[in-house]
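A.B. asks: okay, here's the prediction I keep looking at, along with the sequence it came from:
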Amino acid sequence: MDGRNLYSRRFFLKTAGFFSALAAIPSSVKSLYYDARRLIIPAKQKSKLNLIINKTSHKLEVDTRTTLLDLLREDLHLTGTKKGCDHGQCGACTVHINGERQLSCLTLAVTLPGKEVTTIEGLANGEELHPMQAAFIECDGFQCGYCTPGQIMSAIGCVNEGHTGSVAEIKEFMSGNLCRCGAYNGIVESIQKVAHETVHI
Amino acid sequence: MKPFTFSKSDKISKALSGKNDTVHFLAGGTNMVDLMKKNLASPDALIDVTSVLSDKIERQDNGIRIGAVVRNSTLGKHELILSKFPLIAKSVLAGASPQIRNMASTAGNLLQRTRCPYFYDTSTPCNKRKPGTGCSAWNGNQRMSAIVGYNEQCVAVHPSDLCVALVALDATVNVMDKKLKPVRIPFDMFHRLPGNTPELDNNLPANAIITSIDIPDNSFHRHYAYVKLRDRDSYAFALVSVAAALQIEDGRIKAARLASGGVAHKPWRWHQAEQFLVGKEATTANFSAAADLVSKEVAPLAGNAFKKVMLRGAVETALQNCLTA
């Protein structure tokens, strides 16, 4: 008969009460956590945008903090534009905004409505490469290729701005694009080639 | 980055009424966005002011007016600048990269923060970033630090090239304060020395906005030079830079302007050397004597004594280059 009174009515009520209280905790803890978080961490600010990227119109809803670079890569999956330093020091993220070379990592997406963005994906005409893309292949303008999209976008800007008078001028006006493989000679040659062809067309 | 609300202003009055200490203006974003990424600026709201400020360079009765959001690349190629104030183009093209110059505004150039490495490294003390914590550069790496006008609270330098030319050419900063009252600040008075408030870079009134920069007519468009010495040939901040401009008549110097970047908390004018040059012949010997006067004014820190020698050479070279410009 030992242990006959082991599980008493009182014991049952106590443990049942304890477990139901335990079950109720997660939801109250969760809501407490959310309340506290709202106090400490400000809510994300979203903004609705209508952007023209590579001649295609996009309707998007983005966090105001989103840079054009992250928007291109993460939201639109246009991963041709590369993230190097993310602080405006390397030029890997260079794109064209209203036809001018600018840095997508320092451009907030919310500032772009009304402007046109062109990325490396928007250069080729179908299967036909942009002359600068073709020149980079012909002149060995790259090794690993990571900085290349930025180099090409910047190189087109350099030619359009007319800064191709000498090797020194090209180097000065391409100084915003770093290449850790050191393909600079090929890059300068590519630019000279396109500049020369542009003049003679 | 802290979340923020974003709005684009269509009226300057609206932009100013919405401005307070936790609301920042945004123009080119080349410095502001970077500061926000590094949590050195964490505004609750950004107001895009690119549509409410002028992006024009206009001729005035006695000079030119440069709108606050004229971009650096425009300053580098504008016909009026190249013909009358080529020193401005020369200095602005010595800074940043073509991509950044395509974005950065004129007013933003004045308001950019120092590039002192300790200001950006949030794990170290910095009186400019967090007043009262101390200056890490005082006993740290001083390669990019000041050699004049500093104190032990802050040895940071102002990083701009454009501002060196603007201070040399006696520019004036036009400001509109929060109550829409226009204020004119002589360029030399715009930026501050660290004093006891190294967290303040300039004397822009609280929550005011820069609307334009005026440069008075001068005759420095024939003999001018901008010499910038740095750790690589292009796309780096100055170790020292020198803007020089001379007005020469019959071989004699009628007026002289000398200013430097990379040496102080503000773009620095060398008044003593300027006065020395006036009335003298434009000769190597006189340029060398002027450079000596400049180098006597500076007191380098333990870690940047090289800057004194470098500056002396840069001043002499810049004055020499004025003759061939």
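C.D. replies: Here it is on my side, so go on.

A.B. asks: pull up the residues of chain A that are close to chain B.
C.D. replies: A:42-45, A:47, A:63-65, A:67, A:86-88, A:91, A:94, A:100-103, A:106-108, A:110-111, A:154, A:157-158, A:161, A:163, A:171-177 (C-beta under 8 Å from any C-beta of the partner chain). To be clear about C-beta, it is placed using only N, CA and C from the backbone, and glycine gets the same treatment.

A.B. asks: do me a favour and average the pLDDT over stretch A:13-28.
C.D. replies: Mean pLDDT, computed over stretch A:13-28, is 84.

A.B. asks: next one: stretch B:183-202
C.D. replies: Here the average pLDDT along stretch B:183-202 is 98.

A.B. asks: which parts of the stretch 1-150 of chain B are helices?
C.D. replies: Using DSSP state H, counting those that start in this stretch, the helices of the stretch 1-150 of chain B run over B:12-17, B:32-37, B:72-77, B:79-84, B:86-93, B:98-103, B:106-111, B:117-120.

A.B. asks: actually, chain A.
C.D. replies: With DSSP state H, the ranges of helices along chain A come out as A:9-40, A:68-70, A:131-138, A:148-160, A:167-173, A:184-200.

A.B. asks: now the residues of chain A next to chain B: which count as buried?
C.D. replies: Among the residues of chain A next to chain B, those classed as buried by 16 or more other C-beta atoms under 10 Å in any protein chain shown are A:45, A:47, A:63-65, A:67, A:86, A:88, A:91, A:94, A:100-103, A:106-108, A:110-111, A:154, A:157-158, A:161, A:163, A:171-177.

A.B. asks: among the residues of chain A next to chain B, name the ones in strands.
C.D. replies: Counting by DSSP state E, the part of the residues of chain A next to chain B found in strands is A:47, A:63, A:94, A:100-103.

A.B. asks: now for residue 185, how many residues are close by?
C.D. replies: Using chain A. Other residues within reach of A:Asn185, judged by other C-beta atoms under 10 Å in any protein chain shown, total 12.

A.B. asks: that answer is for a different chain, and I need it for chain B
C.D. replies: 19.

A.B. asks: spatially nearest residue to A:Leu178, not counting backbone neighbours?
C.D. replies: Spatial nearest neighbour of A:Leu178, excluding adjacent residues (C-beta to C-beta, 6 or more residues apart in numbering or on different chains): A:Cys90 at 4.8 Å.

A.B. asks: output the longest helix belonging to chain B.
C.D. replies: Max-length helix for chain B by DSSP H is helix B:306-324.

A.B. asks: packing partners of that one?
C.D. replies: With contacts defined as 3 or more C-beta pairs under 8 Å, 6 or more residues apart in numbering or on different chains; DSSP states H and E, helix B:306-324 has these neighbours: strand B:223-229, strand B:240-249, strand B:252-261, helix B:284-297.

A.B. asks: right, so the helices of chain A: which one is the most enclosed?
C.D. replies: Comparing the helices of chain A on average neighbours per residue, with mean count of other C-beta atoms under 10 Å in any protein chain shown, the densest one is helix A:148-160 at a mean of 25.

A.B. asks: in the sheet, who's paired with the residue nearest to A:Val117 when sequence neighbours are not counted?
C.D. replies: Spatial nearest neighbour of A:Val117, excluding adjacent residues (C-beta to C-beta, 6+ apart): A:Ile53 at 4.6 Å. Bridge pairing for A:Ile53 (DSSP bridges) gives the partners A:Thr56, A:Val117.

A.B. asks: measure A:Ile53 to B:Lys84 for me?
C.D. replies: Going from A:Ile53 to B:Lys84 by C-beta to C-beta, to the nearest Å gives 40 Å.

A.B. asks: tell me which of those two has more neighbours.
C.D. replies: Comparing A:Ile53 with B:Lys84 by other C-beta under 10 Å, the one with more neighbours is A:Ile53, at 21 against 18.

A.B. asks: could you give the bridge partners of B:Met47?
C.D. replies: For residue B:47 the amino acid is Ile, not Met. B:Ser7, B:Phe25.

A.B. asks: quick one: closest of the helices of chain A to B:Asp233.
C.D. replies: B:Asp233 lies closest, by C-beta to C-beta, to one member of the helices of chain A: helix A:167-173, at 7.8 Å.

A.B. asks: distance from the chain centre to the closest one, please.
C.D. replies: On the basis of C-alpha atoms, centre = their mean, to the nearest Å, helix A:167-173 is displaced by 28 Å from the centre of the chain it belongs to.

A.B. asks: for it, packing partners?
C.D. replies: helix A:184-200.
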